[in-house]
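Colleague: Just to be clear, the model below is a prediction. Sequence and coordinates:
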Amino acid sequence: MDINCDLGESLNFSRDEALMPYIRSANIACGYHAGDEHIIKKTLENAQKYGLRIGAHPGFDDKTNFGRQEIDLAAPELRSLVRKQLEYFQKLAGKIHHVKPHGALYNMSARRQDYARIIAEEIFDFDPNLVLYGLSGSMSICEARRIGLKTCSEVFADRAYLSDGSLAPRSRTGAVLKDKKMIRKQVHQMVKGFPVETLDGPPVQLRAETICIHSDTEGSVEIAKWVREEENNEQLRYISFN
């Protein structure tokens, strides 16, 4: 089990660094949906200080909407979007462990075979040793495995699910979990392999290889501390926050 967190998405370096002792993998924004060269370099410096796995976190070129608005791109545009961010990030980071798409790009690749296939192919072509972090049970994971790309199935500590295994849209009431008791219950379900409750129907079974919590979730540092403590109590190896 791994713990990951999306970082480098603002100038809040103190909050990002406060999360780092409790996570294993850092997904760092590549400057398109958020961040810039200064933010990336500072986040990398802190992440390396804590010995974290370094991952690229590419998103749509849309800072206005924080990369959370879906954009329908033609295949060449999508390939270019992913490749440019990987190339730019590698120049700053050096060795990369994994890639995790951000926001709308992540969700579209989770359900659309064309997006999933193109993203997986671009990552594999860039470096076949990279690991794709993708939504558990999604098209993203299936397409990556089909071409031989390594994967890590991701679940979320602070996001509610729908019965088809997708994340509930942020526009839906209850999509972002804030109550610690609810988060605790969901994390227990995930790490113990139990079905996870959903907003619209029966529980869904998820494969959990990495757990994510968003750095911009209210109380994210406190949540990270608690999840890490639960990890130790359960004698799990790692926990990951987004």
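Modeller: Received the coordinates, thanks. This is a predicted model, so every value here is computed, not measured.

Colleague: How about the contacts made by residue 34?
Modeller: 8-10, 59, 63, 66-67 (Cβ atoms under 8 Å, 6 or more residues apart in numbering). For glycine as for every other residue, the C-beta is placed from the backbone atoms N, C-alpha and C.

Colleague: Now with 10 Å, please.
Modeller: Counting by Cβ atoms under 10 Å, 6 or more residues apart in numbering, residue 34 touches 6-10, 28, 57, 59, 62-63, 66-67, 102-103.

Colleague: Tell me which two of the residues you listed sit farthest apart.
Modeller: Farthest apart among the contacts of residue 34 by Cβ to Cβ are 7 and 62. That separation is 18.9 Å.

Colleague: quick one, which of these two is more surrounded?
Modeller: Neighbour totals were compared for residue 7 and residue 62, and residue 7 leads with 33 against 18 (other Cβ atoms under 10 Å).

Colleague: element containing the closest residue to the more buried one other than its chain neighbours, please.
Modeller: Distance criterion Cβ to Cβ, 6 or more residues apart in numbering; nearest residue to residue 7, sequence neighbours excluded, is residue 16 at 4.7 Å. Remark: residue 16 resides in helix 13-19, with elements defined by DSSP states H and E.

Colleague: which other helices and strands contact that helix?
Modeller: strand 2-7, strand 25-29, helix 37-49, helix 220-233 (3 or more Cβ pairs under 10 Å, 6 or more residues apart in numbering; DSSP states H and E).

Colleague: In that helix, which residues are buried?
Modeller: In terms of neighbour count (16 or more other Cβ atoms under 10 Å), helix 13-19 has its buried residues at 16-19.
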